[in-house]
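[1] Here's a sequence, model it:
(one chain, ligands or ions: 1)
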Amino acid sequence: MKALGPIQKILPCLCLFCLLLMAVAGTGLAADSHQQTARQPLSFGSGALLHGLWSPAELAGTEADRVIGAVGEPDPSFPQPTGREAVLPPVPPELRGAIRRVHVRGGRKVVALTFDLCERANNVAGYNNRIINLLRAGGHKATFFAGGKWMRSHPEKAMQLMSDPRFELGSHTWTHGNLALMDQAQIRAQMEPTQTQYALLRQELARRAEAKGLAAQMALVPPALRLMRLPYGRSSALALEELAQSGYPVIQWDVEGERDEEENAPAILAKNALAVVRPGSIVLLHANAVPQKSFDILERLVRGLRKQGYELVTVSELLRLGAPEAVADGYFTIPGDNLKYDAIFPGKGTLKPDLTRPFTTVPVP
Ligand SMILES: [Zn+2]
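    You can find the predicted model right below:
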């Protein structure tokens with residue numbers, strides 16, 4: 001028998017080693033498709049797309065953007081499903097619950113600024129162009145939680161946010177539903193039309209990109225909304241399970257940027273937020289032009305965060321930097337401080353309150 005050469009001797013060992021590696025890797029990937037997704041680079045849009053489709057003046061907007069109701073009458077009807085809505089894998093255990101902040105590895109000074117774009121069934125909200133302009137001018141990253149109906153009533157603005165590489169978009173339900181008061185079918189009727197609206201706008205964006213020779217840029221625009229924020233911070237075990245199974249990590253906040261907005265000046269509000277912010281914080285603000293001081297708070301907040309050495313990241317980036325801190329039900333600042341909204345906002349949270357009647361007598365259907 002011919003003696004084995006050095007390479008031939010080592011081959012069986014290499015093959016065994018490879019098989020072992022493949023088995024380990026294969027098991028890991030099969031066991032957790034979210035982990036596999038988590039290793040892929042994150043992208044939220046394309047500068048070429050943003051500046052190829054809109055002029056600087058169109059992106060900057062006008063004062064009229066901040067006028068509530070300027071875009072017309074509310075239309076709560078559902079959009080027709082496109083059949084091309086993405087199906088998300090269930091949320092892995094480590095991202096379940098209502099996430100308030102992230103324990104960042106190594107204490108890296110990162111913060112996620114988040115802006116809700118709330119719109120109920122019987123109102124039309126605005127778009128605070130000053131906030132978006134400030135973020136764009138400073139190159140600041142941010143995450144927007146958009147109501148599905150808001151995206152439909154503000155299609156140009158929604159597509160601009162979708163295209164901007166610095167901005168991540170998540171869902172804020174169709175008409176601001178209080179999910180704690182809803183059954184499974186009602187929760188789905190808040191989540192699914194919102195994803196459909198995103199898919200419709202993404203289709204329109206792709207059509208425009210193609211016409212401008214920018215079709216390849218669409219690969220950088222996420223195929224779906226992949227995070228959600230609970231309106232009123234309200235949830236239930238049923239809602240959290242439904243959202244986890246549908247693939248939405250629930251993102252709340254640990255810093256309320258507009259807390260006691262009516263009673264305080266923006267400088268005080270920004271100072272209060274800066275006093276409690278820490279590495280891994282998620283800051284709640286609004287860009288729907290409903291709170292009046294959001295821009296003035298943001299201006300001071302960004303300056304203060306920069307001074308303290310903080311880096312701004314999107315929520316998905318933040319989630320990759322450490323372990324989330326989650327609770328079973330969201331709240332504003334103190335557990336239970338949002339329960340009052342169950343009675344204040346009728347239609348299970350989807351309608352404006354009737355201010356002519358005391359809140360305690362407003363029926364919750
Ligand atoms: Zn909201």
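[2] For the ion, what is the nearest residue in the stretch 1-150 of the chain?
    Nearest residue of the stretch 1-150 of the chain to the ion, counting by Cβ to the ion: residue 118, 3.1 Å away. Where C-beta positions appear, they are placed from N, C-alpha and C, glycine not excepted.
[3] Check the gap between that residue and residue 152 for me.
    For residue 118, the distance to residue 152 equals 14 Å [Cβ to Cβ, to the nearest Å].
[4] Can you list the residue ranges for strands in the chain?
    Here the chain has its strands, by DSSP state E, at 98-104, 110-117, 142-146, 167-171, 250-251, 255-256, 281-286, 311-312, 322-327.
[5] Quick check: phi and psi on the residue of the stretch 1-150 of the chain closest to the ion?
    phi -80, psi 140 (degrees, to the nearest 10).
[6] For it, give me its contacts.
    Contacts of residue 118 were listed using Cβ atoms under 8 Å, 6 or more residues apart in numbering, and they are 125, 147, 150, 172, 176, 231, 286, 288, 290.
[7] Just the buried subset of these, please.
    Buried by 16 or more other Cβ atoms under 10 Å: 125, 147, 150, 172, 176, 231, 286, 288, 290, out of the contacts of residue 118.
[8] TSV please, covering the residues you listed and showing pLDDT.
    Supplementary listing: those in TSV, determined by pLDDT from 0 to 100:
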residue	pLDDT
125	94
147	98
150	97
172	98
176	97
231	97
286	97
288	93
290	87
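[9] could you pick out which of those are near the ion?
    Contacts with the ion within the buried ones among the contacts of residue 118, as defined by Cβ under 5 Å from the ion: residue 231.
[10] Looking at the buried ones among the contacts of residue 118, which one is closest to residue 315?
    Of all those, residue 315 sits closest to residue 172, with 12.8 Å by Cβ to Cβ.
[11] Next, count neighbours for the residue nearest to the closest one when sequence neighbours are not counted.
    Nearest residue to residue 172 in three dimensions, chain neighbours excluded: residue 145, at 4.0 Å (Cβ to Cβ, 6 or more residues apart in numbering). Residues within reach of residue 145, counting by other Cβ atoms under 10 Å, total 27.
[12] Quickly list what residue 145 is bridged to.
    Beta-bridge pairing of residue 145 under DSSP bridges involves residue 116, residue 170.
[13] now the helices: where do they sit in this protein?
    6-31, 33-39, 47-53, 56-60, 129-138, 148-153, 155-163, 184-211, 237-245, 266-276, 294-307, 315-319, 341-344 (DSSP state H).
[14] Return the most buried member of those.
    Per-stretch averages of neighbours, counted by mean count of other Cβ atoms under 10 Å, single out helix 148-153 among those, with a mean of 27.
[15] now it, how far from the chain's geometric center?
    On the basis of Cα atoms, centre = their mean, to the nearest Å, helix 148-153 sits 15 Å off its chain's mean C-alpha point.
[16] can the buried ones among the contacts of residue 118 go into JSON lines with extra columns for distance to residue 220?
    As requested, the buried ones among the contacts of residue 118 are exported to JSON lines (distance: Cβ to Cβ, whole Å):
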{"residue": "125", "distance to residue 220": "28"}
{"residue": "147", "distance to residue 220": "24"}
{"residue": "150", "distance to residue 220": "23"}
{"residue": "172", "distance to residue 220": "23"}
{"residue": "176", "distance to residue 220": "29"}
{"residue": "231", "distance to residue 220": "29"}
{"residue": "286", "distance to residue 220": "27"}
{"residue": "288", "distance to residue 220": "26"}
{"residue": "290", "distance to residue 220": "31"}
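[17] picking up where we left off before, was I right to think the residue nearest to residue 172 contacts residue 230?
    No - judged on Cβ atoms under 8 Å, residue 145 makes no contact with residue 230 at a distance of 9.3 Å.
[18] do you know how far the residue of the stretch 151-300 of the chain found nearest the ion is from residue 219?
    Ranking the residues of the stretch 151-300 of the chain by distance to the ion (Cβ to the ion) places residue 231 first, at 4.7 Å. Applying Cβ to Cβ, the value for residue 231 to residue 219 is 32 Å.
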